[in-house]
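For reference, the sequence and a predicted model appear below.
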Amino acid sequence: MDESALQRFTADGYIVLRDLISSGRVDDVFDRIRWICEHRSELRDELIQIEPAVREGLVQPADFELGVRKLFRIARHDSFFRDLASDPAILDVARSLTGQHLRLAQSMLLMKSPGVSTIKVWHQDNAYFRLSPSKVVGFWIACDPATVANGCMHIVPGSHHGGLQAHSGPGDEYGSDVIPDEREIVAVPLNPGDALVFHGELLHFTPENQTQFRRRAIQLHYADAACEAGEGPDGFRFRPEIEFGPSNQSKSRC
Ligand SMILES: O=C(O)CCC(=O)C(=O)O
């Protein structure tokens, strides 16, 4: 990472990296998601989150995959996503922003299908992890084109400087008690393969998908291995997935 990108990350709490993963790899991601959904009986239920409207029987999507909101801990459980999360290009950026000895704090597939999705409320990811010091960075990698209309990331530049805000609410509605002013908010549309790289205490939100097109994304969080986790919200337990030693050669599943 060059010095100017580092300075922008420090000041604004985010940078955008274009073409972090290739279009061929994005196609492989789609194939792998399909495969995982077809073999879902091999995944524990706690690793799949279904959209509330689908769970409650209000909407019936054309297939199972279109009703999935999130797949959790996917790099821990699937070798394809483990390889992706171990990509040296991603690890180099994560190391520049956190530390040499890293942990993959969390991996997720974020699906936001048409006709079923809801917003993800304003929050800071470190409100879940409670990592101290807050040397944690997220990569939100677009797989479909991510637009304002289909639910791209929205952020508040510089909000990481304010530290952790009070959060409350149940389950996936756990969010910041402070809602940002419209004028502070920046939408971050991305092309497939591009990544928003953001500080673990940057306030962010995604609106619902109002289009008929899919909006799939991968989210990976890395933290300095020396960070200590505090007590997160009810039902959330910090469980890192992979540990990466200071070189790209040493890696172990947590
Ligand atoms: O809807 C999204 O893609 C973002 C979700 C998110 O920020 C999260 O789950 O922490």
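Alright, I've got the coordinates. Residues are numbered from 1 along each chain as shown.

ok, then the element right after the helix or strand hosting L6?
Assigned by DSSP states H and E, L6 belongs to helix 3-12. For helix 3-12, the following helix or strand on the C-terminal side (DSSP H and E) is strand 14-17.

Show me what that following strand packs onto, helices and strands only.
Packed against strand 14-17 by the contact rule (3 or more C-beta pairs under 8 Å, 6 or more residues apart in numbering; DSSP states H and E) you find helix 3-12, strand 195-199. In this view, the C-beta of every residue, glycine as well, is placed from N, C-alpha and C.

Need these in TSV (columns: mean neighbour count, mean pLDDT and distance to the ligand).
Shown next, in TSV, are these (neighbours: other C-beta atoms under 10 Å; pLDDT from 0 to 100; distance: least, C-beta to the nearest ligand atom, whole Å):
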stretch	mean neighbour count	mean pLDDT	distance to the ligand
helix 3-12	14	97	18
strand 195-199	26	98	9
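
Check which helices and strands the helix holding L6 sits against.
Packing contacts for helix 3-12, counted by 3+ C-beta pairs under 8 Å, 6+ apart, involve strand 14-17, helix 88-97.

contact partners of it?
Helix 3-12 is contacted by residues Y14, I15, S96, L97, P157, G158, V197, H199 when judged by C-beta atoms under 8 Å, 6 or more residues apart in numbering.

Next: stretch 81-97.
Stretch 81-97 has contacts (C-beta under 8 Å, 6+ apart) with 1, 6, 9, 17, 20-21, 25, 29, 32, 74-76, 102, 104, 107, 109, 137, 139, 197, 218, 220, 222, 241-242, 244, 248, 251, 253.

So which of these belong to strands?
Secondary structure from DSSP state E places 17, 102, 104, 107, 109, 137, 139, 197, 218, 220, 222, 242, 244, 251, 253 of the contacts of stretch 81-97 in strands.
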